[in-house]
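In: next come a sequence and a model predicted from it.
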Amino acid sequence: MRLFKRTGLIAAVAVIAALLLVLSSTSSSGKAYKLNDYRNGAKLPQGHKSPKLPACINNNSTQAETWASLKSKHAHLMADKFTIVVSTFHRPKELKRTLDTLSSLPVPSLHEIVVIWNNFDDETPATYTTQHGVRVRYRKPTRDSLNEKLWPDPTYETQGILLSDDDVYYRPHDLEFVFQSWRKFGQERMTGALSRCTKLNRDGTWKYDFCALTGEEPYSLVLTNLAFTHIGFLDYYFSEDPVIKKIWKSVDKRFNCEDIALNFVSSFLTGAGPLLVRGQDQYVNVNPSVGISQQSGHLDQRSECINEFAEAFQCMPLMDEEARIERGHRHNRWYKTLWDRLLN
């Protein structure tokens, strides 16, 4: 009976994997015109209009000086430790699961966990220390805005900030690897677990989209529901730059797109695309039914944000990236991980 169940599970995984490959080939048929195609002057596909805004100049000295100044400003903060910032809104079960998981194992470089407590009508929980000596404190924003998640809290004590939501997290045994990968390769970039792509519509506008399941196409965004950022990017996001203020207003109006905005900021300042980093095991994304991403028109709004933000910058700063970092020698797509576990 056990052998029969095992065989059945293996067969089910094989069927799912085959379906994913079919979906991947379908989604990647008709190669999309990408950001780097535009940057490199590649010929537009027949019937496509050219984007009205140019790509941002990557070697702009003003941007480089601004980024150098931001790094210098925060050089006194700890470089060998990091802070996890968890945003939550009336999802106590998800938050408890995430905090319990993050506290279940020692993570040598984890300095502090800060919970952005958006439950404005509820009392803010008290600060406590985990069994592994990590302080967990709660901060209630002054207003209901997604921009508040990106506030460079002056009480942060680390340069590295892992932005997350209450329903998604790296597994604790992978956290140290991801942080050290960010230190070595990702401080100039948004570095995280979930990637998204930017493609050109026929009318010359840009479209926010999921990347092909094959993993072969480049990506241009890493979502801030699980991403490392240098605190300097957060600082610039809260600067007096009139471009950023326009973006701020758009994020508040839509109650969406703060993660796209931070990707724009990082690529604009450094001329570098994002970096996808995965641990040995797949990250956890509970993805509850209640959330902004579940609302009607969510993807259309995010496409509008990309075009609106490019208009604000008067150029397109986003960059395509094809590389990613994974821990160990195995690909950790969920069906591969399940397959390995069934066979081991």
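Out: Yes, it's here. Numbering: from 1, shown residues only.

In: low pLDDT regions in the stretch 101-250 of the chain?
Out: Within the stretch 101-250 of the chain, the stretches with pLDDT under 70 are 215.

In: in the stretch 101-250 of the chain, which spans are helices?
Out: Counting by DSSP state H, counting those that start in this stretch, the stretch 101-250 of the chain has helices at residues 172-181, 231-237, 242-254.

In: which one of those lies closest to N287?
Out: Closest approach to N287 among the helices of the stretch 101-250 of the chain (CB to CB): helix 172-181, 19.0 Å. Just so you know, the C-beta spots here come from the backbone N, C-alpha and C atoms, and that holds for glycine as well.

In: got a list of contacts for that closest one?
Out: 82, 101-102, 104-105, 107-110, 160, 162, 170, 191, 193, 228, 277-281, 283, 325, 327 (CB atoms under 8 Å, 6 or more residues apart in numbering).

In: with adjacent residues omitted, what lies nearest to T127?
Out: Of all residues not flanking T127 in the chain, R137 sits nearest, at 4.2 Å (CB to CB, 6 or more residues apart in numbering).

In: let me see the contact set for that neighbour.
Out: Contacts of R137 by CB under 8 Å, 6+ apart are 112-115, 127.

In: out of these, which one sits closest to V86?
Out: Out of the contacts of R137, the member with the shortest distance to V86 (by CB to CB) is V115, at 5.0 Å.

In: number of nearby residues for that closest one?
Out: Residue neighbour count, defined by other CB atoms under 10 Å, stands at 22 for V115.

In: thinking again about what came up before, of the contacts of helix 172-181, grab the buried ones for ChimeraX.
Out: Buried subset of those, written as a ChimeraX selection, criterion 16 or more other CB atoms under 10 Å:
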select :82,102,107,110,160,162,170,191,193,228,277,278,279,281,283,325,327
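
In: can you give me the end-to-end span of stretch 177-191?
Out: 13 Å (CA to CA, to the nearest Å).

In: could I get the buried residue list for that stretch?
Out: Those would be 177-179, 181-183, 186-191, for stretch 177-191 by 16+ other CB under 10 Å.

In: you'd agree L53 is up against A310?
Out: Yes: shown here, L53 and A310 form a contact pair, counting by CB atoms under 8 Å, at 5.3 Å.

In: of the two, which one has the most company?
Out: A310 (23 against 15).

In: what sits against the residue nearest to the spatial centre of the chain?
Out: In the chain, the residue lying closest to the centroid (CA atoms, centre = their mean) is L223, at 2.2 Å. With contacts defined as CB under 8 Å, 6+ apart, the neighbours of L223 are 192-196, 259.

In: try S109
Out: So S109 contacts 80-82, 176, 179-180 (CB under 8 Å, 6+ apart).

In: at 7 Å what do you get?
Out: 80-82, 176, 179 (CB atoms under 7 Å, 6 or more residues apart in numbering).

In: now those in a markdown table, with distance to K93?
Out: Converted to a markdown table, the contacts of S109 look like this (distance: CB to CB, whole Å):
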| residue | distance to K93 |
| --- | --- |
| D80 | 34 |
| K81 | 29 |
| F82 | 26 |
| E176 | 27 |
| F179 | 27 |
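
In: out of those, who's nearest P242?
Out: F82 (31.4 Å).

In: pretty sure the closest one is in contact with S164, am I right?
Out: No: using CB atoms under 7 Å, F82 is not in contact with S164, being 11.6 Å away.

In: residue contacts, the nearest residue to F82 once chain neighbours are set aside?
Out: Leaving aside its sequence neighbours, F82 sits nearest to G160 (CB to CB, 6+ apart; 3.8 Å). Going by CB under 7 Å, 6+ apart, G160 touches 82, 179, 182, 228, 230.

In: now do D144 against S87, distance only.
Out: Distance of D144 to S87, computed by CB to CB, to the nearest Å: 12 Å.

In: so what sits against both of these two?
Out: Common neighbours of D144 and S87, counting by CB under 7 Å, 6+ apart, are N118.

In: higher neighbour count, these two?
Out: The neighbour comparison of D144 against S87 (other CB under 10 Å) goes to S87, with 22 against 11.

In: close enough to count as contact, V85 and T158?
Out: No: using CB under 7 Å, V85 and T158 do not qualify as a contacting pair, with a distance of 10.5 Å.

In: please say which of the two ends up with more neighbours.
Out: Using other CB under 10 Å, the more surrounded residue of V85 and T158 is V85, with 24 against 21.

In: quick one: contacts for the more buried one?
Out: 114, 116, 161-164.

In: give me the element it is part of.
Out: strand 78-88 (DSSP states H and E).

In: in that strand, what's buried?
Out: For strand 78-88, burial by neighbour count (16+ other CB under 10 Å) applies to 81-88.

In: just stretch 144-163 next, same as before
Out: Residues 145-152, 156, 158-163 are the ones in stretch 144-163 that count as buried (16+ other CB under 10 Å).

In: burial of the spatially closest residue to F268 that is not a sequence neighbour, as a residue count?
Out: Once flanking residues are discounted, F268 sits nearest to P317: 3.9 Å by CB to CB, 6+ apart. A count of nearby residues for P317, using other CB under 10 Å, gives 24.

In: beta partners for the nearest residue to Q187 once chain neighbours are set aside?
Out: Closest residue to Q187 apart from its sequence neighbours, by CB to CB, 6+ apart: H230 at 5.3 Å. When assigned by DSSP bridges, H230 has beta-bridge partners G160.
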